[in-house]
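Asker: Need coordinates for the below:
(one chain, ligands or ions: 2)
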Amino acid sequence: MADDVFDVIVIGAGPVGEIAAARAVRGGLTAAVVERRLAGGECAYYACIPSKALLRPVGLSAEVGRMPGLALRGPIDTAAVLARRDETVSGFDDGGQVSWIENVPATFVRGHGRLAGPLRAEVTTPDGGVRTLGARHAVIVATGSDPLIPDVPGLREARPWTNREATSVQQVPKRLVVIGGGVVGCEMSQALHALGAQETTLLVRGDRLLGRTEPFAGDLLVKSFQESGIDVRFGRSPTRVERPTPDDPVTVHLDDGSTIEADEILVAAGRRVNVGDIGLETIGLEANGPIAVDASMRATGLPDGWLYAIGDVNGLNMLTHMGKYQARVCGDVIAARAGGLPDDLPSHRDSADYRGAPQVIFTDPEVCVVGRTESQARADGFTVRTVEYDMSAVEGAYLMAENYTGRAKMVVDEDRRVLLGVTFVAPAVVDLLHSATIAVNAEVPIDVLWHAVPSFPTVSEVWLNLLEGYGL
Ligand SMILES: Cc1cc2nc3c(=O)[nH]c(=O)nc-3n(C[C@H](O)[C@H](O)[C@H](O)COP(=O)(O)OP(=O)(O)OC[C@H]3O[C@@H](n4cnc5c(N)ncnc54)[C@H](O)[C@@H]3O)c2cc1C
Ligand SMILES: NC(=O)c1ccc[n+]([C@@H]2O[C@H](COP(=O)([O-])OP(=O)(O)OC[C@H]3O[C@@H](n4cnc5c(N)ncnc54)[C@H](O)[C@@H]3O)[C@@H](O)[C@H]2O)c1
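Answerer: Residues are numbered from 1 along each chain as shown. Ligands and ions are numbered 1, 2, ... in the order given. Here you go, the predicted structure:
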């Protein structure tokens, strides 16, 4: 017998789990949400929110530097930036998030949740007790991901920083080595360098930054990094790391025989989905990677269909907004199925994850992408035509800054004359991305897009330039 029974149990109260519970309750169901650490998840305390709190002043000060007549009164006040960052993470107090869940209303259960057979979960509570929960209709796994530490000799023993230490930094190290030229590596290198890490070295094992984006994104970013004094080393990986005692500096041995000494080493080498200790074995599923789901977010490995997985843990797109979108689909589908209602409305299926998720990388320049890159589109067999445009030639951009630098690209499916992907890399373009997201996801025909006239003199006129480049 379960101690308590709900219509839906959600394991993991990150940004994604919370929304799924709210949608299920909106659909007339009851829900319990289980969280082992802080309600709000990685995003709220150690990822999206604090990293953007650290990056915003960096981008803004670069903007000021590009406008004749403006000057900062001095260097960035790191202590003030860190204090504001602390505010944005509510001082690591999740009281506000717990209240939000309770106001849904859903039941919040603090503790480590594990599946315990079909439609059941056990929660190990902070006092060591075990509470058993039963679900009438569904269990949703929203357990997120943890940083992946590569198997480099001595690395773990050297107590490397991950996104957690980097985003919650109290004392910026003077010398920093960063492993990984992906999103976290780029964002945190730039933030920490600008906030006081005078010697920042970024180790990139490939030959460019942000390997999954259009190549010019990495090119523009590396130029910006090098101009600011970040030492970017391509084709380099650590082979061994040493830190004899916790108070010693860290010595990083590289694959070309050289060494770097630093005060801290930050690992930004990707994520590992949290499936290891959630009881998947009790329902006959293996815990060896993301939980595969169908377009309604139902786990494909379970024939009777009561298990769902959303957010980072299903591996579709490790982005908060995409996880929350999956959560809306999932909560609504579960409510519809529980009520015997149609469960196949367009809003009951995830299509956006497959057309390509929008993503903003909050560096200077900002990197904004949606849909497929040219190489992805070609690999997927589309008949592709592309148009690129130098954004410094956009009339509105000329007014935005002196020496404005940026580039835009659209990838067109020539058979259907719709956009497959768009990339903007330039300062202050984050809010331009949603226009591209609409064009790609709604598959607006290019000849219709032509009539969406951008305002003069804004950077959004880049749309006109791209479409003219296409031949309209
Ligand atoms: C440095 C960094 C910056 C990022 N910036 C952005 C950004 O700007 N924009 C963006 O869209 N994405 C960003 N991301 C990605 C984003 O953080 C994730 O996609 C998002 O947090 C996923 O949400 P989630 O709810 O699936 O998982 P999480 O946020 O990881 O939440 C999962 C929750 O489940 C809990 N949990 C796990 N196992 C159990 C268990 N067994 N029992 C109970 N509770 C459990 C965890 O404690 C956690 O609270 C960033 C990531 C990093 C690392
Ligand atoms: N603004 C945003 O949207 C944002 C910000 C941060 C993170 N995120 C998300 O969080 C997730 C994790 O980000 P991430 O940067 O950790 O992962 P990532 O996959 O973007 O990048 C990891 C990088 O580390 C490199 N790497 C892996 N092992 C290595 C090794 N042994 N030596 C050297 N390099 C190695 C990889 O080649 C890759 O370039 C991503 O899915 C990302 O989308 C999003």
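Asker: Next one: residue 28 relative to ligand 1, how far apart?
Answerer: 24 Å (C-beta to the nearest ligand atom, to the nearest Å). Bear in mind the C-beta positions are built from the backbone N, C-alpha and C, glycine included.
Asker: That residue contacts residue 339, correct?
Answerer: Yes: contact criterion C-beta atoms under 8 Å: residue 28 and residue 339 qualify, at 6.6 Å.
Asker: what about these two, which has more around it?
Answerer: residue 339 (13 against 10; other C-beta atoms under 10 Å).
Asker: I'd like to check which residues are in contact with the more buried one.
Answerer: With contact set as C-beta atoms under 8 Å, 6 or more residues apart in numbering, residue 339 has these partners: 27, 28.
Asker: avg pLDDT for stretch 87-104?
Answerer: Mean pLDDT, stretch 87-104: 98.
Asker: contact partners of it?
Answerer: 13, 18, 21-22, 25, 31, 33, 35, 38-40, 44-45, 49-50, 53, 108, 168.
Asker: and with 6 Å instead?
Answerer: Stretch 87-104 has contacts (C-beta atoms under 6 Å, 6 or more residues apart in numbering) with 18, 22, 25, 33, 38, 39, 40, 45, 49, 50, 53, 108.
Asker: pLDDT score for the second one?
Answerer: Residue 22 is assigned a predicted lDDT (pLDDT) of 98.
Asker: quick check, it in a strand?
Answerer: No: applying DSSP: H, G, I helix; E, B strand; the rest coil, one finds residue 22 to be helix, outside a strand.
Asker: Dump the C-alpha coordinates for the helix or strand hosting residue 328 into CSV.
Answerer: Element membership for residue 328, per DSSP states H and E: helix 320-338. Only the C-alpha atoms of helix 320-338 are listed here, as CSV (Å, rounded to 0.1, in the frame of the first residue of the first chain):
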residue,chain,number,x,y,z
THR,A,320,15.1,24.9,-20.4
HIS,A,321,12.5,26.4,-22.8
MET,A,322,12.4,23.1,-24.8
GLY,A,323,11.9,21.1,-21.6
LYS,A,324,9.1,23.4,-20.4
TYR,A,325,7.5,23.0,-23.8
GLN,A,326,7.7,19.2,-23.5
ALA,A,327,6.2,19.6,-20.0
ARG,A,328,3.2,21.4,-21.4
VAL,A,329,2.7,18.7,-24.0
CYS,A,330,3.1,16.0,-21.4
GLY,A,331,0.9,17.4,-18.6
ASP,A,332,-1.9,18.1,-21.1
VAL,A,333,-1.7,14.6,-22.7
ILE,A,334,-1.8,12.9,-19.4
ALA,A,335,-4.9,14.9,-18.4
ALA,A,336,-6.6,14.1,-21.7
ARG,A,337,-5.8,10.4,-21.4
ALA,A,338,-6.9,10.3,-17.8
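Asker: anything in that helix near ligand 2?
Answerer: No: shown here: helix 320-338 not in contact with ligand 2 (C-beta under 6 Å from any ligand atom), separated by at least 7.8 Å.
Asker: ok, and what's touching that helix?
Answerer: 15-16, 19-20, 23-24, 27, 29, 43, 48, 137-138, 296-297, 308, 310-311, 343, 348, 350, 357.
Asker: what does the average pLDDT come to for that helix?
Answerer: Averaging pLDDT along helix 320-338 yields 98.
Asker: residue contacts, the closest residue to residue 122 other than its chain neighbours?
Answerer: Computed as C-beta to C-beta, 6 or more residues apart in numbering, the closest residue to residue 122 that is not its neighbour in sequence is residue 116, at 4.4 Å. Counting by C-beta under 6 Å, 6+ apart, residue 116 touches 122, 279, 282.
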